[in-house]
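Student: below are the sequence and a predicted model for it; my questions follow.
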Amino acid sequence: MALRTQTFNDFDLNNDPQIADFLVGVCSDGSAEFKTPVNKVGVYTLEQTGSIKPILGGNTISTNSGYGCYNTIAGGGSNSAYAQNNLYSNTISGGCDNRISSEDACGNTISGGYDNCICTSDNACSNTISGGYYNSICSVDDDAYANTISGGYCNSICSFEDSCGNTIAGGQYNCITSTASCVYSCATDNTISGGCCNCINTAFQSEGNTIAGGCCNTISNYVAYHNTVGGGSCNSASGYYVATVAGGACNTASGYASSVAGGSCNCANGSCSTIGGGKDNEAGGTGGTVAGGYNNSACGQHSAVGGGSNNRVRWDANCSTISGGYSNCIRGEACASTIGGGSYNQICGGYNCSSIIGGYDNTVEHTNSHIIGSEITTCQSDTTFVNNLVSCGQVLASAGLPAPGNGGVGYGFSGGDGDTGLFSYNSVDGSGNDGWVSLFSNDQEVLQAANAGVNYIRMKSPNGTAYNITVTNSGSLSAVAV
């Protein structure tokens with residue numbers, strides 16, 4: 001039987017094609033003619049433009065009340081593109097059980113894979129899922145624009161309100177979410193580059209946050225802007241603005257502009273605080289820094305711990321520093337104080353501008369007091385305490401001591417009622433203060449000086465008592481209170 005050709009306009013489009021009907025093709029020059037039974041083509045759909053479009057493998061393209069144009073399902077099975085109103089330029093290239101569903105959908109693409117979904121309650125525009133399976137882009141109560149999931153497994157971009165410009169490059173179980181049921185709940189321009197079980201999750205707004213990879217890393221807060229986790233595992237950048245964890249494991253940067261470079265179990269929770277590495281360290285004060293080590297804390301504002309272990313700069317010990325060592329502590333309100341190192345040294349609370357250079361078991365209990373040595377406890381302010389002091393040269397001072405004379409500077413108090421200290425006095429000429437001479441370095445020099453007319457060396461103790469140290473004929477020294 002010869003075939004009769006018809007244009008589509010000749011068909012009764014209000015009735016379904018019958019099994020006996022054929023779709024017929026003719027070459028442009030009329031030289032060939034072929035036919036295909038409708039039941040061999042598969043499911044068809046009636047588009048708003050009035051054309052019958054066969055869709056292979058049980059796939060569907062449909063709208064409820066609006067218009068649909070330039071939509072494509074190229075293959076696969078059980079794929080669907082649906083809009084409550086208008087459906088324009090959407091594409092499902094293949095795969096199975098993939099879905100595009102929205103009130104209005106435009107320019108969305110699912111390249112393939114299995115059970116991937118672009119679904120919103122309002123508008124879905126220019127979103128892309130490149131492949132993989134169980135991946136989803138959704139907006140519960142509003143729009144989704146220009147979001148991308150490049151592939152992987154069980155990745156999701158979901159916001160209660162708007163989600164826009166977010167990217168998950170791959171991996172599995174990664175998510176970008178904004179969950180609060182209010183108009184301000186949105187996720188914008190966030191990125192998860194890959195990895196496993198990474199999540200950018202805020203109650204209200206998230207913008208410009210990045211997880212570069214790794215496993216079980218999170219960026220979370222009520223709001224979060226421009227936070228970064230570089231990689232590692234179980235790290236959290238939970239500050240509301242520009243918090244960073246570069247890597248490591250179980251690190252947290254929760255303060256504004258805080259950062260943890262690496263290590264494990266470190267916490268930078270003060271604003272602008274920094275931890276370089278190590279383990280179990282805390283930077284709790286604003287601008288606090290822990291460079292490394294183990295179990296150190298810098299909780300005073302702008303305080304620092306360089307390293308070591310179990311060192312503490314307590315709250316309100318602002319601008320104080322522990323360079324290293326073990327179990328050293330600067331207590332609260334001991335501002336601008338320093339412990340250089342050693343062990344079991346402490347500067348007590350409220351005593352500012354004090355220092356312990358090193359050693360062990362030292363305690364500062366006065367303001368502007370300083371310790372060089374070990375097992376020393378301060379007994380007055382504005383004083384330096386040492387166990388022993390050896391000078392290989394002269395001791396110089398700009399105030400409180402006699403002026404230079406005869407090539408050296410005497411050490412002691414001027415006129416017998418000045419600063420605490422040790423000095424020598426020459427009474428040969430009987431001129432009083434004119435007789436101050438240099439500090440002697442040993443008993444032999446004292447004896448030689450005595451033979452030259454030096455009568456005594458005077459020492460004044462911290463309680464104010466002065467002693468004349470005289471040289472006996474046998475060369476020994478004798479102290480007499482004056």
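Tutor: Perfect, I can see it now. Numbering: from 1, shown residues only.

Student: need the pLDDT of Lys70.
Tutor: I think there's a mix-up here, since residue 70 is Tyr and not Lys. Looking at Tyr70, its pLDDT reads 89.

Student: surely it touches Ala81?
Tutor: No. In this structure Tyr70 lies outside contact range of Ala81 using Cβ atoms under 8 Å: 11.0 Å. For the C-beta atoms, the positions are set from N, CA and C on the backbone; glycine is no exception.

Student: and those two? Which one has more around it.
Tutor: With neighbours defined as other Cβ atoms under 10 Å, Tyr70 and Ala81 compare such that Ala81 has more, 28 against 13.

Student: just to be sure, that one is in a strand?
Tutor: Yes. Counting by DSSP: H, G, I helix; E, B strand; the rest coil, Ala81 is part of a strand.

Student: tell me the contacts of it?
Tutor: Thr60, Ile61, Ser62, Asn71, Ile73, Leu87, Asn90, Ile92, Arg99, Ile100, Ser101, Ala105 (Cβ atoms under 8 Å, 6 or more residues apart in numbering).

Student: make it 10 Å
Tutor: By Cβ atoms under 10 Å, 6 or more residues apart in numbering, the contact list for Ala81 reads 45, 55, 59-63, 68, 71-73, 87, 90-92, 98-102, 105, 108, 110, 118.

Student: which residues are in contact with both of Tyr70 and Ala81?
Tutor: By Cβ under 10 Å, 6+ apart, the residues touching both Tyr70 and Ala81 are Leu87, Asn90, Thr91.

Student: what is the nearest of those to Glu207?
Tutor: Closest approach between these and Glu207, by Cβ to Cβ: Asn90, at 27.2 Å.

Student: now the closest one: how far from Ser136?
Tutor: Asn90 sits 16 Å away from Ser136, going by Cβ to Cβ, to the nearest Å.

Student: neighbour count: these two, which is higher?
Tutor: Asn90 (27 against 18).

Student: that one against Ile129, yeah?
Tutor: No. Contact criterion Cβ atoms under 10 Å: Asn90 and Ile129 do not qualify, at 11.8 Å.

Student: what touches both of the two?
Tutor: Residues touching both Asn90 and Ile129 (Cβ under 10 Å, 6+ apart) are Ile100, Asn108, Thr109, Ile110, Ile118.

Student: residue contacts, the last one?
Tutor: So the one you mean is Ile118. Going by Cβ under 10 Å, 6+ apart, Ile118 touches 81, 90, 92, 98-102, 105, 108-110, 124-125, 127-129, 135-139, 144, 147, 149, 157.

Student: quick check on it: phi, psi?
Tutor: Note on Ile118: backbone dihedrals following degrees, to the nearest 10 are phi -120, psi 110.

Student: cool, and the first one?
Tutor: Taking degrees, to the nearest 10, you get phi -120, psi 120 for the backbone angles of Ile100.

Student: residue contacts, it?
Tutor: Contacts of Ile100 were listed using Cβ under 10 Å, 6+ apart, and they are 61, 71, 73, 79-83, 87, 90-92, 108-110, 116-120, 124, 127, 129, 137.

Student: same deal with the fourth one?
Tutor: With Cβ under 10 Å, 6+ apart as the criterion, the residues that contact Ile110 are 73, 76, 79, 81, 90-95, 98-100, 116-118, 127-131, 135, 137, 149.

Student: what sits opposite it in the beta ladder?
Tutor: Ile110 has these beta-bridge partners by DSSP bridges: Ile92, Ile129.

Student: kindly report the same for the first one.
Tutor: The partner list for Ile100 in beta bridges (DSSP bridges) reads Ala81, Ile118.

Student: how close does Ala257 sit to Val229?
Tutor: Going from Ala257 to Val229 by Cβ to Cβ gives 15 Å.

Student: more neighbours, these two?
Tutor: Taking other Cβ under 10 Å, Ala257 and Val229 do not tie; Val229 has more neighbours (29 against 20).

Student: one step back: dump the shared contacts of Asn90 and Ile129 to CSV, plus distance to Arg312 and pLDDT.
Tutor: Shown next, in CSV, are the shared contacts of Asn90 and Ile129 (distance: Cβ to Cβ, whole Å; pLDDT from 0 to 100):
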residue, distance to Arg312, pLDDT
Ile100, 58, 95
Asn108, 56, 95
Thr109, 56, 96
Ile110, 56, 96
Ile118, 53, 96
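
Student: for those residues, give me JSON lines that also has distance to Asn387.
Tutor: As requested, those are arranged in JSON lines below (distance: Cβ to Cβ, whole Å):
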{"residue": "Ile100", "distance to Asn387": "81"}
{"residue": "Asn108", "distance to Asn387": "79"}
{"residue": "Thr109", "distance to Asn387": "78"}
{"residue": "Ile110", "distance to Asn387": "78"}
{"residue": "Ile118", "distance to Asn387": "76"}
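
Student: just name the closest of the residues you listed to Ala187, please.
Tutor: Nearest to Ala187 among the shared contacts of Asn90 and Ile129, with distances taken as Cβ to Cβ, is Ile118, at 15.2 Å.

Student: where's that closest one relative to Ile73, distance?
Tutor: 13 Å.

Student: so Pro170 is in contact with Ser150, correct?
Tutor: Heads up, residue 170 is Gly, not Pro. Yes. Between Gly170 and Ser150 there is a contact under Cβ under 10 Å: 5.3 Å.

Student: what do the two both touch?
Tutor: Shared contacts of Gly170 and Ser150, defined by Cβ under 10 Å, 6+ apart, comprise Ser130, Gly131, Gly132, Asn135, Ser193, Gly194.

Student: just curious, which of the residues you listed is nearest to Ser238?
Tutor: Among the shared contacts of Gly170 and Ser150, Ser193 lies closest to Ser238 (Cβ to Cβ), at 19.2 Å.

Student: now do the contacts for Gly287.
Tutor: Residues counted as contacts of Gly287 (Cβ under 10 Å, 6+ apart) are 255, 257-258, 270-274, 298, 300-304, 318-319.

Student: filter the residues you listed down to the buried ones, PyMOL style.
Tutor: Applying 16 or more other Cβ atoms under 10 Å to the contacts of Gly287, the buried members can be selected in PyMOL as follows:
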select buried, resi 255+257+258+270+271+272+273+274+298+300+301+302+303+304+318+319
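
Student: tell me which of the contacts of Gly287 fall in strands.
Tutor: With strands taken from DSSP state E, the overlap with the contacts of Gly287 comprises Thr274, Ala298, Ala304.

Student: pLDDT weak spots in this structure?
Tutor: In the predicted model of the chain, residues 1-57, 180-184, 393-479 satisfy pLDDT under 70.
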